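J.: here is a sequence together with a model predicted from it:
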Amino acid sequence: MTPRPRLGNLAHRGRVLFAHLHVNLRDQGAYLGEVALGGGILVVFLFILGKLWEATYRAQAAETLGGLTWPQMTWYVTFTEAMVMSRVNVARRIDEDVRTGDLAYALLRPGGYLTARLGAYLTERLVRFGFTLTLGAIAATGIAGPIAIHPSAGAAALLVVAGAFLLEFVIVTGIGLGAFWMEDTSSIYFVYTRVSMLLGGLLIPIELFPDSIASVARVLPFAPMIHGPARLALADDASGLLPAMASLVASMSVVGASVAVTYRVALTRVTVHGG
Amino acid sequence: MARRTGPPGTGLERATTPKPRLARRGSREPLASQAWSLLRFVAYYVGANLDVALAYRAAFAAKVFSFVVSDAMWVAFWWLYFERFPSVEGYGFRQVVIVWALCATAFGIFGAIAAGATTIASRVARGELDFYLVLPKAPLLHLVVSRMDPGGFGDALFGIVAFAALARPSFEEAVAFVVLVVLATVIITAYIVAVQSLAFWTGRAETIADQALSGLITFATYPERLFGGPVKVVLFTLVPAGFVSYVPVRLVQEWDWALAGVLLAVAVASLYGAEAVFTAGLRRYQSGSALAMRG
Amino acid sequence: MSRSYSATVMKMRDNEAAIAVRDLSRSFNRLDPAVRGWRRLVPGWRGHLASVALHPVCFEVARGERVALIGPNGAGKSTTIKLLTGILHPSGGTARVLGLVPWEARTDLAFDIATVFGQKSQLWYHLPPRSTFELLRHVYDLDASVVRRRVAELTERFGLGDLLDRPVRTLSLGERMRCELAAALLHAPRLAFLDEPTIGLDVVARQSVRAHVREMNARDGTTIFLTSHDAADIEQVCDRAIVLQAGRIAFDGPISTLRDRFVRVRSIDVRFVDPVAAPGTVPPGTELVEMEPQRWRLEVEGASTAVGPVVAWVIAHAPVADVQVADPPMEDVIAAIYRDTDAVDPESRRGGNP
């Protein structure tokens, strides 16, 4: 087989990705029912957290906490929740594919296995996010009233969201690949979701963490995925974009490199696994 | 009344205990022996369920571990919160620990013993109820104990450890805790049975039941005084977080016999109520007009 | 219900039929598929269609009989079983199973019957069969010592050996079925309902299951009520058949006369000494279905007496090496029953009857 020029390979993969996106989009109808269930949980959650923060602001007799007014805080939680509730468990899918041997078969198809997974993930994630964001916004408006989002800040936030989706994909793929070595990756994924929610500022912005914890949280890849975009969306301008992106890129390089290495090593184990 | 129940020589002529096993509805065996045989049945099932769960040891440990982590994350969140804000609506860190310990332990025991309740709706929809109807054990009881959620052990473990280590209870509080956990578990089980039994009337029961359970868990784990007015009413009726969590938490910290009596009454009433709903639904199923019935 | 009533019933029981059914019927309300949209939501406007799963039927099964319930899907077989086991309440009529009215005394009846479903196992999948036996001990309220002895007996009888202590998922289908049957017999039921007990099993396992079921009946006197689509099950296990078609009993009698009711054809296989030419004519009521130079197959319509003259005619035709006269295979009989149903009531299958 003649080696393809590297750019051509990339273009080819791009085309395949697009094809996957297209196919998966048509499948999303089935997901929406499941997502609707999550919708109920989301609304209840936002309601309760709104109440909690309302009581907090009252107890502190404060206008702003961590730089946010109460309505803003409610919207902060809405955004973080929308991010978190739109999660897609690719780890389970990859884990399954490894165990059933489908991974080995998928490797036979051109376009790469991970490209296929990325396509599926992106479509599902985007649809879910659209839903959770919309529903969350409606709930938040009902709870705390509408707020003004500065267009540049909003756009910047969406960019960061996109990056965050990619970053999460990389992380979760790494977890799924653990199937080559471990009997059960679902508990690792589970721990990941919980720790990232806590240290990523899901319920309480990182600004309000005690200093020691805050410094740890800022270094971890969870902050740019959850706290970052939410905070950015509520900012006055897009000035926070650069630091957020930088943080994303930094995390991406570290995580991405490790996962890439893991993937290479994992591929060598495919035959050993008898897949 | 040695009744022949089997061919001669099998020993089954008098296999039954001397109690009249054929006692029809209306005549009662001594309550104590009924309760005893019920307990034995449940104990047996829990043991067998546990055997099944332990057959896959790693997965079992992983499940337990993830539930502990999940609960711990929530308590960690509250710890973070109280580092910054000393108290909210009269709740400090210790109160929240008590809330979580109580809820986790109650839901944990539910998961360990009665998780079959969460499968009622789906089994009715798929006609899997018949399996239990041809056996001589009460179908509801049998359904309820037939499954175990291994994660429940994680919840219960977390709850007990958190209560002991973080809340540092007094002896009275500890005793109250045990009693209240039992009552809370009863109410949880009754609630789930009732909601899941809606499957006899509507095809949407599985979704409704899922939402109801999440709602219950979510509302139960937050401070009571966050909610007022109409929401509070709902929390003592449609989604009884009030009886599962708020009242027990109050009682742990400050025991009140009258309130405890009310809670006990609610627990008992809820058991009977849930059974009544299930039985009514079952009657509907048996006369074939249940929507969800299939061949 | 007073105690004296139950005592009387108990005395009656020992002499009664195992199953007595009188005018038992069952219909369901189905949603009218023609009613669409929002009208569906309004209870009064939904538009119900009554669909009859079982027209009033009557039959009796004596103690110790082996009965096969035959019929295509939708004929009302599972409805009948559900009525007899007390799962369903009837729309009309009565029934007594082991002296009890099933839907009124479901729990009491459950102590004395067994149900074996070929498609759904009652054995716990991840545990050894012994664990299921232990569970059944609790379910049926049996004494531990009695159960121990019973398990030993059943182990020997079914050749279970060390199967009891291996997880069910490690057993073959045939082994699983044997354990399943043993489990069903643990509480020494007087009546056993078997639904497709040999489904999915290989030939050897099927024969073993049938043998065990017959033994169940011969040794313990257990009344057998079997539903199956498998012809050999019916033929080898049961001596009586009740045929359901579209919710009605089309036949109730010995299996030997079942054939005559539905397939009035017998086949004659002839092997000639030398190749022969095709015959000019064949006797009336006869059809030459297969013809090779040295071998013919004829089908003769009508009662068994019709065969004699045809055999005589064949022998007269040319020297014959071998003649075999056979009944139509049970498959053909069953197929004829199922086909007959379509002719009798084409709606029966499309009705979606349980």
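T.: Yes, it's here.

J.: is the host helix or strand of B:V262 anywhere near chain C?
T.: Per DSSP states H and E: B:V262 is located in helix B:257-286. Yes. Using C-beta under 8 Å from any C-beta of the partner chain, we find that helix B:257-286 touches chain C at B:Q286. Heads up, the C-betas are built off the backbone N, CA and C, glycines and all.

J.: report the buried residues of that helix.
T.: By neighbour count, and taking 16 or more other C-beta atoms under 10 Å in any protein chain shown as the criterion, the buried residues in helix B:257-286 are B:260, B:263, B:266-267, B:270, B:274-275, B:277-278, B:281-282, B:284-286.

J.: looking at chain C, which helix or strand does the model trust least?
T.: Per-element confidence for chain C was summarised using mean pLDDT, DSSP states H and E. The lowest value among helices and strands belongs to helix C:347-350, with a mean of 46.

J.: next, count neighbours for residue 19.
T.: By default, I'm working from chain A. Other residues near A:A19 number 14, with proximity taken as other C-beta atoms under 10 Å in any protein chain shown.

J.: switch to chain C, please.
T.: When neighbours are counted by other C-beta under 10 Å, C:I19 registers 21.

J.: residue contacts, it?
T.: Contact partners of C:I19, counting by C-beta atoms under 8 Å, 6 or more residues apart in numbering or on different chains, are C:59-61, C:84, C:95-98, C:191, C:223, C:225.

J.: mind redoing it with 10 Å?
T.: C:I19 sits next to C:59-63, C:65, C:67, C:84, C:95-98, C:102, C:191, C:223, C:225 when contact means C-beta atoms under 10 Å, 6 or more residues apart in numbering or on different chains.

J.: please see if stretch C:160-171 touches chain B.
T.: Yes. Looking at stretch C:160-171 against chain B by C-beta under 10 Å from any C-beta of the partner chain, the contacts come from C:167, C:169.

J.: does chain A sit close to that stretch?
T.: No. Interface with chain A: stretch C:160-171 contributes nothing (C-beta under 10 Å from any C-beta), its closest point being 17.4 Å away.

J.: got the phi and psi for the closest residue to C:D239 other than its chain neighbours?
T.: In space, C:D239 comes closest to C:R66 once its chain neighbours are excluded; the distance is 5.4 Å by C-beta to C-beta, 6 or more residues apart in numbering or on different chains. Dihedral pair for C:R66: phi -120, psi 110, per degrees, to the nearest 10.

J.: surely C:L226 forms part of a strand?
T.: Yes. C:L226 sits within a strand when classified using DSSP: H, G, I helix; E, B strand; the rest coil.

J.: residues contacting it?
T.: C:66-70, C:116, C:192-198, C:210, C:213, C:233-234, C:237-238, C:241.

J.: just the residues you listed: which are in helices?
T.: Counting by DSSP state H, the part of these found in helices is C:210, C:213, C:233-234, C:237.

J.: spell out which residues of the stretch 101-250 of chain A are next to chain B.
T.: When proximity is defined as C-beta under 10 Å from any C-beta, the stretch 101-250 of chain A approaches chain B at A:182-199, A:201-204, A:206-214, A:217.

J.: which of the residues you listed are buried? Put it as a PyMOL command.
T.: In PyMOL, selecting the buried portion of these, with burial taken from 16+ other C-beta under 10 Å, looks like this:
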select buried, chain A and resi 184+185+186+187+188+189+190+191+192+193+194+195+196+197+198+199+201+202+203+204+206+208+209+213+214+217
